[in-house]
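K.L.:
need a structure here:
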Amino acid sequence: MVQLGTFLLGLSLLSAVVSLGALVFGHSMGPKEGSTVTKIGYFGTLAVFLTTTFATLLLLVALMTKDFSFLYVIENHSRDVSSLSWLYSISALWAGREGSLLFWAWLLSCFTAFMAWRRMSDNDPVSNLGIAVLNFVQIFFLVALFFDTNNAFVAAPANAVNAAGELVGKFALSGMNPLLQHWAMILHPPTLFLGYAGLTVPFAFALGALFAGDGSKKWVEMVDRVTVFSWLMLGIGIGLGAVWAYVVLGWGGYWAWDPVENASLLPWLTGVGLLHSFTVYRRRGTFKSWAVMMSAVSFVLVLLGTFITRSGVISSVHGFGEDPLSLWWFLGMMALSLIVPALMLWKRSKEFKSDNEFESVVSKEGSYYFSNLFMLFSALLVAALTLSPAKISIPFTTIVLQGPTFSGPAFDLLARPVGIIYVLLMTVCPILSWGTTGAAAFWKRAKWPLVGTGVLGAGLLGIWYTAMLPFYQTLHNADGSVVAKGLPGIAAAQAGIDHAESIIGLLVAAWAIALPIYLFVEGSRARAKSRGENPLAAFFHILFKSRTQSGGYLTHLGVGIVLIGLIGSSMYVQTAILSVKDAPGTPLTWVPDAGVAATTDVTGYSFVYQGFDEVTLPPNRVGAEGDIVQTVKIDLLQGGQKIASLTPGRVLVNASSGEKSSQRNNASLEVTPLRDIFIAFQGPSQKTGLLQFEVKINPMISWAWVGFAIMILGTGIAMWPKKQRALAAVPMPAPKKKK
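P.N.:
Take a look at the predicted model:
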C-alpha cells in the first residue's frame, strides 16, 4: 500500500507534465488547429486531480485504520479516545510535514480541476495558459513530495511493530502532537490551505493574460469569485488559529507574532489589496499593473508561508524541523514567481496600460491606491521583521546571513498606527466618488456619519475609561523600571503613547461603524420612499440583492468592531500568576511585584480553590498508555459574591509511561460583553509545590470575535454568486444644487 501511494503521485506528476506540454503546444498551434491538443491538456489536468485524490484517500484510510506499515501514520496518528477521535484521525492528514504538503497539493489540484472544468469549452488563450501555469505550480509541489523529508509514503521500519501489530520501543510513544487535538485545529489548517491553494489561481491567470497579451478585464472576471473565496477561507483560518491559541496554549492570548502566525497573515494582507485592485480593474480599467503584481506578491507570500513553516530556518512552536531541500526549492520558486510576471508586465506594458488616468487622490481610485500601498507596505514590513533572525548559509561559501530577532512589542509598535490609519482610509472609501470628489459632495455624505461617530465615540471612550483603563499594565524590569516595548528611548512615554493610540483608534472604530450603518439606513430610506416599500423590506432587498456593495459595508462594520476588540485585548490586559495549596476553600493568592504584599484580589475579582480531579483515560490502541486528564475547580468571585465556576485543566500525554510527557492545556473562561476572565492551570510549582495558575483579564476580547464573524458574513455575502443582474447601488445622498 505504501508503494501504491508513491505510484499514484508518480502518475499525477506525469499527468501534470503532459497537461502543461499539451496546453502550451496547443496554444502555439492556434485556437482551431491546436484545439485537439489543448483538450488533451485539460483532460490531463483532470487526471492530476483524480490521481492526487486517490493518493490522499490512501493516506487518509491508513490514518483512520491506524495502518502502522506507514511511517507517517506511526508519527502522526491520533491517540485521543473522546467522541472527536475519528475527526482527529482525519486531521492527522495535515498534522505532519509530509501529510500537510500532500494535502496542499491535493487542494491545488481541486482548484485547478475546477477552473479547467469551467473553462474547457471556451478554449481561449487566457484560460489555456492560466491552466498551464496552474499545472506548472502543481509540478513544483508534486516534485517536492518526492523529497525524503516530504514523502508521506515511506514504509515503517521493521522494528516499529511486533508480531501482534503493536508499536514497540520509541515508536510506542509516537503520535499526533497533543496540542493539535482540539476542535479548532480540525478546521484551522484546512481553511488556511484552501486560502493558500486558491490564491494560486489569480496568479496563474494573471500570467496567462500576460503570456496571451490580453489586458482586458476578462481574466479578472474569471478568477474574481475564486479569489474572494480564497481570501475568505484564509481569514477564517487565521481566526480559528487565534481561537485555538487563546484556549489551548495556556498563555491567554491569541496572537504572538510567531513566524508561522505571520506567515498566514502576509498573503491575507496583500489579498486585501488584490481584491481592491480587481474592483478598480473591472469598473474603471485601471490598476492593471497593480492587479497583476499583487496577485504575484500574494502567491509569493503563500510560498513564503510554506517556506517559513517547512524550512526550519526560523524557530517557531508551529514549524517543522529543518529541511535544506525545501529551503532552496521554495526560495527558487519564489524568485521565479516574482521575476517572470515583472518581466512580462514590462514586455506587455502597452496591452496593460490603464484605460483611464488617475484624476484625484480624493476619489475611490485614490482610496484604493493608498490602501494597496498600506497593505503591501505592511506585508513586506512584517515579512522583513519575521525573516530577520533566519540563519541562511550560502552554498559553497562560509557566508552566513542572520539578523536580529524582533519581539512582539516591536511588531505592535509598528502595526498599531499603520492599522489605525488603514482602517480610516478603508472606511472613508464608500463616500468617495470615482474620478474626483468635491468638498460639498464629501461633506454632504460625511456629516451624518460624523454625528454618529461622535455619539459612538463618546460611548466607546466611556467604556475605555471604565472597562479598559483599570486593567492597563506596563512591562517592568526586575528593578521596577519600565521596559521599552520594542524600541529604546520610548519607555518613559509608553503609557502616553498607548493611551493616545487607544483613543484615536476608538474614534476611528466609531467612524468605521457609524458610516456603514448610515449607508444602510439612508439606502433603505431612499428605496422605501421611491418604491413605496416597508423600510425593513427595503433593507433586506439592499442587503441580499446588491450583495457586492452591502457585503463590503458589513465587512467594514466588522473591521470597526474588531479594532475595538484589538485595542482592549492587546493593550489593556492584566496578568497575574496565582498560587494555592491543595485545600478546598482556600483563596488563590497573587504577588504582583517584588516587595508588594500578597493579595487575593485581581482588580475586583478573586478566586477560591474548590478541588482537584485526576483521571487516567483508557488507551486508544493495544500497547499504548492512557493519557492523564487533570481538572481543577475554581470559584470566581466579584465583590465577595460567586459569579461563575471555572474548571481549568490539562491533559498529560504519555505521563503514565514513565517517559517525558507532553501536555495540552484546557483553559477556562468566563465571558462577559466587556471582558473575559481567563485562567489556565500550570501544575504544581517545582519550588513550592503549590498549584499555580495564570490569570488574565482580557477587556473587549469578545468584540474581536464578533467583529470577525461580521467580516466573514460580509465577505460571504459579497462573494455569493448572483442569479440575476445586480441592482443599482445603494442610493447616496447628493448635495443639492443651488438655485
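K.L.:
contacts and neighbour counts: CA atoms only from here.
P.N.:
Fine.
K.L.:
run through the stretch 201-350 of the chain and note the low-pLDDT ranges.
P.N.:
Per-residue confidence for the stretch 201-350 of the chain (pLDDT under 70) gives these ranges: 310-326.
K.L.:
all helices for it, in order.
P.N.:
218-248, 259-284, 288-311, 324-347 (DSSP state H, counting those that start in this stretch).
K.L.:
take those helices and lay them out in JSON lines including mean neighbour count and distance to Pro202.
P.N.:
What follows is the helices of the stretch 201-350 of the chain, written out as JSON lines (neighbours: other C-alpha atoms under 10 Å; distance: least, C-alpha to C-alpha, whole Å):
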{"stretch": "helix 218-248", "mean neighbour count": "22", "distance to Pro202": "6"}
{"stretch": "helix 259-284", "mean neighbour count": "23", "distance to Pro202": "9"}
{"stretch": "helix 288-311", "mean neighbour count": "25", "distance to Pro202": "6"}
{"stretch": "helix 324-347", "mean neighbour count": "16", "distance to Pro202": "12"}
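K.L.:
please identify which of those helices is closest to Glu614.
P.N.:
Nearest to Glu614, of all the helices of the stretch 201-350 of the chain, is helix 218-248, at 18.6 Å by C-alpha to C-alpha.
K.L.:
and that closest one, what does it pack onto?
P.N.:
helix 183-198, helix 200-212, helix 259-284, strand 662-666, helix 701-719 (3 or more C-alpha pairs under 8 Å, 6 or more residues apart in numbering; DSSP states H and E).
K.L.:
and these: which comes nearest Thr112?
P.N.:
The nearest among the helices and strands packed on helix 218-248, by C-alpha to C-alpha, is helix 200-212 at 7.6 Å.
K.L.:
what's the angle between the closest one and helix 259-284?
P.N.:
Angle of helix 200-212 versus helix 259-284, following axes from the mean of the first three to the mean of the last three C-alpha atoms, to 10 degrees, is 50 degrees.
K.L.:
off-centre distance for helix 200-212?
P.N.:
Computed by C-alpha atoms, centre = their mean, to the nearest Å, the chain-centroid distance of helix 200-212 equals 24 Å.
K.L.:
returning to that earlier point: which one of the helices and strands packed on helix 218-248 lies closest to Phe171?
P.N.:
Judged by C-alpha to C-alpha, the one of the helices and strands packed on helix 218-248 that comes nearest to Phe171 is strand 662-666, at 15.4 Å.
K.L.:
thinking again about what came up before, I'd like to know which of the helices of the stretch 201-350 of the chain is closest to Phe681.
P.N.:
helix 218-248 (11.1 Å).
K.L.:
I'd like the helices and strands packed on helix 218-248 laid out as JSON lines, including distance to Asn150.
P.N.:
As requested, the helices and strands packed on helix 218-248 are exported to JSON lines (distance: least, C-alpha to C-alpha, whole Å):
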{"stretch": "helix 183-198", "distance to Asn150": "16"}
{"stretch": "helix 200-212", "distance to Asn150": "21"}
{"stretch": "helix 259-284", "distance to Asn150": "18"}
{"stretch": "strand 662-666", "distance to Asn150": "25"}
{"stretch": "helix 701-719", "distance to Asn150": "33"}
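K.L.:
want to throw the helices of the stretch 201-350 of the chain into a markdown table with distance to Leu380?
P.N.:
As requested, these are exported to a markdown table (distance: least, C-alpha to C-alpha, whole Å):
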| stretch | distance to Leu380 |
| --- | --- |
| helix 218-248 | 18 |
| helix 259-284 | 8 |
| helix 288-311 | 9 |
| helix 324-347 | 14 |
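K.L.:
for Val706, find the nearest of those helices.
P.N.:
helix 218-248 (11.0 Å).
K.L.:
what's the spacing between that closest one and its chain's center?
P.N.:
For helix 218-248, the distance to the chain centre is 7 Å (C-alpha atoms, centre = their mean).
K.L.:
next one: stretch 431-438
P.N.:
Remark: stretch 431-438 is offset 33 Å from the chain centroid, using C-alpha atoms, centre = their mean.
K.L.:
check stretch 706-716 too.
P.N.:
On C-alpha atoms, centre = their mean, the centre of stretch 706-716 falls 14 Å from that of its chain.
K.L.:
please apply the same query to stretch 281-288.
P.N.:
The chain centre lies 28 Å from the centre of stretch 281-288; the measure is C-alpha atoms, centre = their mean.
K.L.:
so what touches it?
P.N.:
Contacts with stretch 281-288, where a contact means C-alpha atoms under 8 Å, 6 or more residues apart in numbering, come from 215-217, 220-221, 277-278, 280, 291, 352-357.
K.L.:
tell me which two in those residues are the farthest apart.
P.N.:
Spatial extent of the contacts of stretch 281-288 (C-alpha to C-alpha) is set by the pair Glu221 and Glu357 at 21.8 Å.
K.L.:
kind regards, and thank you for your time.
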